[in-house]
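In: A structural model of the following input is requested.
(chains A and B)
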Amino acid sequence: MELYNTAAAAKAHLDLGPEVSLYVCGITPYAATHLGHAFTYHTFDVLTRLLMHDGHTVRSVRNVTDVDDDIFRVSRERNVPVDQLVASEMEIFHTDCHALNMIPVTHEPYASEAIDAMIARIAELVACGAAYVVNRTVYFAIDAFPAYGQVSHYDIPTMIALSRERGANPDDPDKRNPLDFILWQPEAPGEKSWDAPWSRGRPGWHIECSTLAETLLGLPVDIHGGGEDLIYPHHESEAAQAEACRKGVQFVRYWAHVSHVGYEGEKMSKSLGNLIFARDLRSRKGARAVRHFLAQYHYRTSWEYEDAKCEEASDEFARLDALCDGDVRIEDAAAEALASEVLHHLRNDLDTVGASLAIANSIERAHAANVSTGRPLRAVVEPLWELFGIAPPSPAATSAHGARQHGTDA
RNA sequence: GGCGACGUAGCCAAGUGGUAAGGCAGAGGUCUGCAAAACCUUUAUCACGGGUUCGAUUCCCGUCGUCGCCUCCA
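Out: Reported below is the predicted structural model:
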């Protein structure tokens, strides 16, 4: 199959072995699960399903960032202990993922459980000269890693200029290069901290993912993905941390990034508070309709959530679903053609839009043709819908028409 | 500014070197005591300017415009 590789800035034919390693950056659990999260994990769920369909075994990791400025901040604001905040948000996230029929990941590590491994890698980087210590803080030295920029394609002067415009502080006197980033920072009052050779404190953000990926999957990771906002600096820095001082080691073979979902003219984000939550859509439309809705957008095209569009997709799904009822049949040749068309679209950079359209057209045609030979339409369509994560209707719902789309599955 | 995506009817959107699917909305109609639902019919100089070509919406160059990312973020 072909997938767009961010680092190559082009679609790449995936050259994969029987076992595929997949690392997807997970959530920072304090505002789960908004539509942007759902779209991102839906995308990688479809990818996983397709790879499995094509005979691969998929080993996947999705981390949980539970050591983070925002977690500590929200914990204070809501006056809830960090562990409790993380646990309750993760319960929501898991409930949403399960309800939306997402295949569970193989590993779901918490950053706080891998501190030792992070400290070990930071120590290696310091020892080999790719990192340095100032004021109990460890920085990664950009200048020791000439390939910095390989993922996002920014050149160093551009990145510096940008960081100035953005009001960051590239002039931090402790940094050797304005773009050097933190690997370890000293503890602040009220935050979780661990003992390390440089200070009691906590790791920087980027080191958690590269360490977890390396520890749980081994290098190189076949496919590493996440939201497109993570390309720079997060993924750029992950690659630097993993590859520095290791000649010939490649961190990731293919980078896949999912575009953002907007709402009311703004990017949907936790800091802006303009969130649509997965659980709300689910309870209003049903999990199957939500999955169908998400499939109407290509993962590399940014889009805007609109109630009307969601409504339309939901109605369309209900109509298509209803058209599969009764004894509608589809000719064997047409069924085979549909299956291969759907797979063709999905293997072309996960074109869920084209694949979804093919199914819709086939249902309409089969309904209009009204043939008496061939296979029952639903028996042909349901396995294809499952590639999109649209779960088969539950037996109870199937026997009670109309109830199907109202199940919350939670 | 850099990089990326993209500009097709009121809205969304598929697609092709030989004058363009579908959906929603709108309009008209069938049906109905009226209405709803359902069904039928109907709606486009394919952003602009060049170039290649017998012929481009589809290929190439340029222009304009929209959106996204750019050390909080999926």
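
In: For the stretch 1-150 of chain A, which residue gets nearest to RNA strand B?
Out: Here the stretch 1-150 of chain A gets closest to RNA strand B at one residue, residue A:36, 2.3 Å apart by Cβ to the nearest atom of the strand. In short, each C-beta sits where N, CA and C put it, glycine included.

In: For RNA strand B, what's the nearest residue on the stretch 151-300 of chain A?
Out: Taking Cβ to the nearest atom of the strand, the stretch 151-300 of chain A has residue A:227 as its residue nearest RNA strand B, at 1.8 Å.

In: Can you give me every residue that contacts that residue?
Out: Residue A:227 makes contact with A:25, A:36, A:40, A:257-258, A:260 under the criterion Cβ atoms under 8 Å, 6 or more residues apart in numbering.

In: if we can go back for a sec, quick check: pLDDT value at the residue of the stretch 1-150 of chain A closest to RNA strand B.
Out: On pLDDT, residue A:36 comes in at 90.

In: Equivalent analysis for residue A:7, please.
Out: Reported pLDDT for residue A:7: 90.

In: What of residue A:195?
Out: 96.

In: sec struct for the nearest residue to residue A:2 once chain neighbours are set aside, please.
Out: Closest residue in space to residue A:2, ignoring its immediate chain neighbours: residue A:11 at 4.8 Å, by Cβ to Cβ, 6 or more residues apart in numbering. Secondary structure for residue A:11, judged by DSSP: H, G, I helix; E, B strand; the rest coil, is strand.

In: pretty sure residue A:11 contacts residue A:349?
Out: Yes - Residue A:11 is in contact with residue A:349 according to Cβ atoms under 8 Å; the separation is 5.7 Å.

In: Give me the more crowded residue out of the two.
Out: Per other Cβ atoms under 10 Å, whichever of residue A:11 and residue A:349 has more neighbours is residue A:349, with 17 against 13.

In: contact partners of stretch A:137-157?
Out: Contacts of stretch A:137-157 (Cβ under 8 Å, 6+ apart): A:6-7, A:9, A:122, A:125-126, A:129-133, A:159, A:162, A:174-177, A:179-186, A:198-199, A:231-233, A:235-237, A:239-241, A:243-245, A:255.

In: Quick check: end-to-end length of it?
Out: By Cα to Cα, to the nearest Å, the extent of stretch A:137-157 from end to end equals 25 Å.

In: For it, which residues meet the burial criterion?
Out: Of all the residues in stretch A:137-157, those buried under the rule 16 or more other Cβ atoms under 10 Å are A:137-142, A:144-145, A:148-152, A:154.

In: likewise stretch A:92-112?
Out: Neighbour count says stretch A:92-112 has A:92-93, A:95-97, A:99-102, A:105-106, A:109-112 buried, by 16+ other Cβ under 10 Å.

In: what is the mean pLDDT for that stretch?
Out: Mean predicted confidence for stretch A:92-112 is 96.

In: Dump that stretch to PDB, keeping only the CA atoms.
Out: Only the C-alpha atoms of stretch A:92-112 are listed here, as PDB (Å, rounded to 0.1, in the frame of the first residue of the first chain):
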ATOM      1  CA  ILE A  92     -13.400   8.400  29.400                       C
ATOM      2  CA  PHE A  93     -10.800   7.900  26.600                       C
ATOM      3  CA  HIS A  94     -11.000   4.100  26.900                       C
ATOM      4  CA  THR A  95     -14.800   4.100  27.000                       C
ATOM      5  CA  ASP A  96     -14.800   6.300  23.800                       C
ATOM      6  CA  CYS A  97     -12.300   4.100  22.000                       C
ATOM      7  CA  HIS A  98     -14.100   1.000  22.900                       C
ATOM      8  CA  ALA A  99     -17.500   2.400  21.900                       C
ATOM      9  CA  LEU A 100     -16.100   3.600  18.600                       C
ATOM     10  CA  ASN A 101     -14.900   0.000  18.000                       C
ATOM     11  CA  MET A 102     -11.200   0.900  17.900                       C
ATOM     12  CA  ILE A 103      -8.900  -2.100  18.000                       C
ATOM     13  CA  PRO A 104      -7.000  -2.000  21.400                       C
ATOM     14  CA  VAL A 105      -3.300  -1.100  21.000                       C
ATOM     15  CA  THR A 106      -0.700  -3.700  22.000                       C
ATOM     16  CA  HIS A 107       0.900  -1.400  24.600                       C
ATOM     17  CA  GLU A 108      -0.300   1.700  26.300                       C
ATOM     18  CA  PRO A 109       2.600   2.800  28.500                       C
ATOM     19  CA  TYR A 110       2.400   5.800  30.900                       C
ATOM     20  CA  ALA A 111       5.300   8.200  30.800                       C
ATOM     21  CA  SER A 112       5.700   8.000  34.500                       C
END
